[in-house]
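J.: return a 3D structure for these sequence lines:
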Amino acid sequence: MTPSVASAARAPERHRINLIQGEALVDDRPDVVLTTLLGSCVAACIRDPGAGVGGMNHFLLPGDGGDGGSRVESYGLYLMEVLINGLLKKGARRHALEAKIFGGARTVGGLSDIGAKNIDFATRFLQMEGITLLGGSTGGAQGRRIEFWPVSGRARQILMEPTDRAAFAKPPPRAAAPVSGGDLELF
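T.: Numbering: from 1, shown residues only. Prediction:
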């Protein structure tokens, strides 16, 4: 039996919006999914459940860029403020904000652990601003793909293959046991 046009028209259509480094986006549509790919970068997913609005950012470096380095858009302080101000403009209430943070992997050994610095910055920022940190997934040695539904607050993580060459130096396991895809869903 072929589905009728009427039933196909009732199926909700999802809008996927991908964020890259240096971006922040706020949305209040229930059919929107915000996505990003993270290595050592961190994404903060913040929402007000009562106002039905949420958003995500994706920052490359902690702090504010006051050292005269890269573009300000790459820094956590700027992008956290952009995200929070965007939420407030869409009707969110500061006291009701809740967050999940993702990323901060140490994807390359032997260099400074920028991922740990990003995690520390995001955690301290949320604490100083009085924003409840519900959880998330940070650290480790693998990048991750994040999906965040800004209205419901649902978040999904898919771990990527390790990028450090040392991870590939060990021989593969003998048994071909099923391997988990590294998915994690938070509600």
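J.: so where do the helices sit in the protein?
T.: 5-10, 76-89, 114-129 (DSSP state H).
J.: worst average pLDDT in these?
T.: Here the helices of the chain differ in mean pLDDT, and the lowest is helix 5-10 at a mean of 43.
J.: now stretch 77-90: buried residues?
T.: Buried residues in stretch 77-90, counted by 16 or more other CB atoms under 10 Å: L77, Y78, L79, M80, V82, L83, I84, G86, L87, L88, K90. Every C-beta, even on glycine, is put in place using the N, C-alpha and C of the backbone.
J.: how about the contacts made by the closest residue to the last one other than its chain neighbours?
T.: Spatial nearest neighbour of K90, chain neighbours left out: V53 (4.5 Å); criterion: CB to CB, 6 or more residues apart in numbering. For V53, the contact set (CB atoms under 8 Å, 6 or more residues apart in numbering) comprises V26, D27, D28, R47, L87, K90, G91, A92, P150, V151.
J.: just A122 next, same as before
T.: V42, A44, P62, G76, M80, I101, G104.
J.: can you count the residues close to the first one?
T.: Residue neighbour count, defined by other CB atoms under 10 Å, stands at 30 for V42.
J.: that one contacts A116, correct?
T.: No - contact criterion CB atoms under 8 Å: V42 and A116 do not qualify, at 10.3 Å.
J.: overlap in contacts, these two.
T.: In contact with both V42 and A116: G104, using CB under 8 Å, 6+ apart.
J.: for L34, state which of the contacts of V53 is nearest.
T.: P150 (6.1 Å; CB to CB).
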